[in-house]
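Student: With the input below, show me the fold.
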Amino acid sequence: MAIRKSKTPQSPTQRADQKRVDILKSAGKCFRKNGFHQTSMQEICTEVGLGPGAVYRYFTSKDAIIAAMAEDERRQARTMLSEFHDTDDLPQALSAITRAFAQRYAAISDAGLMTEIYAEGLRNKRVGAVIKKAETEWVDGLADMLRTAQERGQIDTALDAQQAALLLTAMWDGIVIRQAYTQEVPEGMLALFDDMLKRWLSTAAVSSKRVKPAPAPVPKKTPAAPQFDFAPDPEPEPDADKTPTQAETDLRQMSLI
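Tutor: As a prediction, the model looks like this:
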């Protein structure tokens, strides 16, 4: 006789959370197939197997579903970031985050869907507001992580942590977008990214140390231009031993008259 295993009953909150997750997954499946604007709420209801009333109980509109998907993505990212906050090896932590993003969006449909969500945020104010809030929290958390590393002397203290966090986020987003056009995780690109981070942080750490300035070069002396004396040569003195000619004698006598 087979023994049926009883399931642990879920609380109302757990059931509600599960329904919410099911709706988001079904909506994502529809969005991947047809896009946001070509997908209707009825199609989402059919996919999840719930009536419109049940779906609208959790999400008042399709825009609310899109915004919730964006928020859930960033919430998972923030959770991952908190796990590495107190790391003693910042380059290794950033490398792990990079690979986690790459694996999360390894499927072309997932990378494309996230790209489409961000594009929708530029057109839809409600979705854009949610994405902006989530992005601000993410960048601030990453910047705080970089500042902690600065306090520990792991990276250059002169580095602008907020700007560095923005740059890293933009690079990670770029990897996600690029994966929308690839069939698998781009290992070569990830390895290059890791190497670039290590070089960047290593160079920054070295530049933060005080370096004794090199002495100023001594200017080379320019040789003085030769001086030329253009004074007329002195007239030669008459030779006392020389016997004057008859013409010279006659001139001297004439000068005495």
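Student: Report the distance from the host helix or strand of residue 70 to the chain centre.
Tutor: According to DSSP states H and E, residue 70 maps onto helix 62-83. Counting by CA atoms, centre = their mean, to the nearest Å, helix 62-83 is centred 21 Å from the centre of its parent chain.
Student: pLDDT on the helix or strand just after that helix, on average?
Tutor: Per DSSP H and E, the first helix or strand lying C-terminal to helix 62-83 is helix 90-104. Across helix 90-104, pLDDT averages out at 84.
Student: elements contacting helix 90-104?
Tutor: Applying 3 or more CB pairs under 8 Å, 6 or more residues apart in numbering; DSSP states H and E, one finds that helix 90-104 makes contact with helix 62-83, helix 125-151, helix 161-179, helix 187-207. (Each C-beta comes from the backbone N, C-alpha and C, glycine too.)
Student: could those helices go into TSV alongside distance to residue 35?
Tutor: TSV is the format used below for these (distance: least, CB to CB, whole Å):
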stretch	distance to residue 35
helix 62-83	11
helix 125-151	14
helix 161-179	17
helix 187-207	27
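Student: Residue 33: which of those helices is closest?
Tutor: helix 62-83 (14.6 Å; CB to CB).
Student: Make JSON lines out of the helices and strands packed on helix 90-104 and add mean pLDDT.
Tutor: Formatted as JSON lines, the entries for the helices and strands packed on helix 90-104 read as follows, by pLDDT from 0 to 100:
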{"stretch": "helix 62-83", "mean pLDDT": "84"}
{"stretch": "helix 125-151", "mean pLDDT": "89"}
{"stretch": "helix 161-179", "mean pLDDT": "88"}
{"stretch": "helix 187-207", "mean pLDDT": "74"}
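Student: between these, which one is nearest to residue 89?
Tutor: Nearest of the helices and strands packed on helix 90-104 (CB to CB): helix 125-151, 9.5 Å.
Student: List the buried residues in the closest one.
Tutor: Going by neighbour count (16 or more other CB atoms under 10 Å), the buried part of helix 125-151 is 127-128, 130-131, 134-135, 138-139, 142-143, 145-150.
Student: Surely residue 86 and residue 149 touch.
Tutor: No - counting by CB atoms under 8 Å, residue 86 stays clear of residue 149, with 10.0 Å between them.
Student: got the buried residues for stretch 49-60?
Tutor: 50, 55, 58-59.
Student: quick check, nearest of these to residue 116?
Tutor: residue 59 (17.8 Å).
Student: What about the residue lying closest to residue 128 once chain neighbours are set aside, how many residues nearby?
Tutor: Take residue 128 and drop its neighbours on the chain: the residue closest to it by CB to CB, 6 or more residues apart in numbering is residue 121, 4.1 Å away. The number of residues packed near residue 121 is 21, by other CB atoms under 10 Å.
Student: Contact partners for residue 121?
Tutor: If you count contacts by CB atoms under 8 Å, 6 or more residues apart in numbering, residue 121 has them with 70, 127-128, 130-132.
Student: If we use 10 Å, what do you get?
Tutor: 66-67, 70, 127-132, 134-135 (CB atoms under 10 Å, 6 or more residues apart in numbering).
Student: Does it lie in a helix or a strand, and which?
Tutor: Going by DSSP H and E, residue 121 is in helix 108-123.
Student: what's the angle from that helix to helix 62-83?
Tutor: With axes from the mean of the first three to the mean of the last three CA atoms, to 10 degrees as the basis, helix 108-123 and helix 62-83 are set at 110 degrees to each other.
Student: Report the inter-axis angle for helix 108-123 versus helix 125-151.
Tutor: Using the same axes, to 10 degrees: helix 108-123 against helix 125-151 is 110 degrees.
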